[in-house]
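J.: sequence and predicted structure, then a few things I'm wondering about:
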Amino acid sequence: MEESRREFLEALLSTSTPSGFETPGQRVWVEYVSEFADRVETDAYGNAIAVVEGGESTVALAGHGDEIGFIVRDIDDSGFVRLSRIGGSDRTVSKGQHVTVHTSNGPVSGVIGQTAIHLRDRDNDGVDDIAEQHVDIGVSDGEAAEELIERGDPVTFEQRVTDLENGRIAARGLDNRIGIWAAAEGLRRAAEQGPEATVCAVSTVQEEVGLKGAQMVGFDLAPDAAIAVDVTHATDEPGAPPKRDAGVDLGGGPVVSRGSTNHPVVVEATRKAARAADIEVQLEAAGSRTGTDADAFYTARGGIPSLNVGVPNRYMHTPVEVLDLEDLDQTAELLGTVAARAHRHSFEVEL
């Protein structure tokens with residue numbers, strides 16, 4: 001990956017963006033796309049849209065800029081912080097982790113406490129719900145804690161991006177800062193090809209709490225086609241249950257979804273673009289829903305032809321998500337190629 005593109009990815013991954021608190025990450029994204037977009041717009045909730053002007057038809061490349069996390073629910077008399085979830089945070093991986101409480105006065109470090117193995121009741125060694133877990137910020141009472149933090153402050157795992165072997169990385173929140181990276185890069189690469197269609201890259205907010213940003217953007221932007229890029233489960237790791245095996249491998253290339261949400265004409269146009277660009281793609285079945293922003297785009301207004309393109313990801317919703325950088329780069333290349341060719345397609349189903 002080119003150095004400047006890696007720097008952009010690192011900037012996104014090092015910025016905390018839990019749902020409802022995406023502004024710092026959206027600023028990073030807007031600064032990057034402003035270098036090549038004809039214009040950049042934002043709305044009241046922080047959805048960001050970068051536009052490269054072309055013809056009358058419009059294609060949108062969208063990722064969501066928010067990540068899962070926690071929120072300060074309460075502070076007890078002893079100064080321990082009680083939590084609620086933001087999105088689908090996993091209670092089985094949270095204990096014993098370093099966290100950051102993001103306050104109006106700056107970050108406050110803490111840890112999610114885990115009672116030592118020596119002291120736990122071996123007959124009752126289950127995993128506490130998030131609401132029963134606590135953050136220890138090192139203070140001695142509630143008054144001292146309330147001088148530092150407030151109810152409603154977001155909390156995230158301490159950030160670390162680690163390079164693994166074979167061009168792979170591990171980090172928290174690859175879901176879905178890599179999607180907005182790919183959307184931005186897809187727009188840049190489409191712009192270099194001089195697209196005849198108008199191309200929009202979109203960084204939505206609040207996907208992890210119900211696709212809220214995409215619902216707003218889909219109605220307002222009303223593109224002729226929308227491609228939502230998100231992570232998808234790579235089921236090639238030992239812990240993946242065989243009955244959930246989707247045939248998606250890390251390093252196998254971008255994943256094109258088929259079924260339900262995914263408009264067959266957009267699916268075929270994307271597969272043709274992949275062949276034209278010599279990009280290997282994987283296929284994934286989505287019989288009922290994709291679980292991504294595509295599900296919100298395709299029902300907006302009178303229906304927007306939509307598609308979910310996935311980047312294979314291991315260990316989703318944990319602090320150690322893993323992806324292959326070549327998969328990510330090829331996803332951006334695929335998006336750019338589809339967008340540059342969009343004028344060649346009518347996204348209507350012929351009956």
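T.: Done, it's in. Numbers count the residues shown, from 1 in each chain.
J.: would you say residue 317 is within a helix?
T.: No: inclusion of residue 317 in a helix is not indicated when DSSP: H, G, I helix; E, B strand; the rest coil is applied; the result is coil.
J.: residues near it, how many?
T.: Number of residues near residue 317 (other Cβ atoms under 10 Å) recorded here: 18. Every residue, glycine included, has its C-beta placed from N, CA and C.
J.: which SSE is immediately downstream of the top helix by length along the chain?
T.: For the chain, the helix that runs over the most residues, judged by DSSP state H, is helix 174-192. Tracing the chain past helix 174-192, the next element assigned as helix or strand by DSSP states H and E is strand 198-204.
J.: so what does that following strand touch, helix or strand wise?
T.: Helices and strands touching strand 198-204, as assessed by 3 or more Cβ pairs under 8 Å, 6 or more residues apart in numbering; DSSP states H and E, comprise helix 23-33, strand 48-52, strand 58-64, helix 174-192, helix 212-221.
J.: and those, which is most packed in?
T.: strand 58-64 (a mean of 29; mean count of other Cβ atoms under 10 Å).
J.: average pLDDT for it?
T.: When the per-residue pLDDT values of strand 58-64 are averaged, the result is 97.
J.: average pLDDT across the next helix or strand after that strand?
T.: With elements assigned by DSSP H and E, the helix or strand that comes after strand 58-64 is strand 69-75. For strand 69-75, mean pLDDT rounds to 98.
J.: how far is strand 69-75 from where the chain is centred?
T.: For strand 69-75, the distance between its averaged C-alpha position and the chain's averaged C-alpha position is 22 Å (Cα atoms, centre = their mean, to the nearest Å).
J.: which parts of that strand are buried?
T.: Neighbour-count burial for strand 69-75, with 16 or more other Cβ atoms under 10 Å as criterion, is recorded at 69-72, 75.
J.: what residues does that strand touch?
T.: Strand 69-75 is contacted from outside by 16, 18-19, 81-87, 89, 94, 99, 101, 130-131, 142, 145-146, 149-157, using Cβ atoms under 8 Å, 6 or more residues apart in numbering.
J.: ok, the closest residue in space to residue 174 that isn't next to it in sequence - how many residues close by?
T.: With Cβ to Cβ, 6 or more residues apart in numbering as the criterion, residue 174 has its nearest non-adjacent residue at 4.2 Å, and that residue is residue 321. If you count neighbours by other Cβ under 10 Å, residue 321 ends up with 19.
J.: same check, this time on residue 238
T.: A total of 4 residues lie near residue 238 under the criterion other Cβ under 10 Å.
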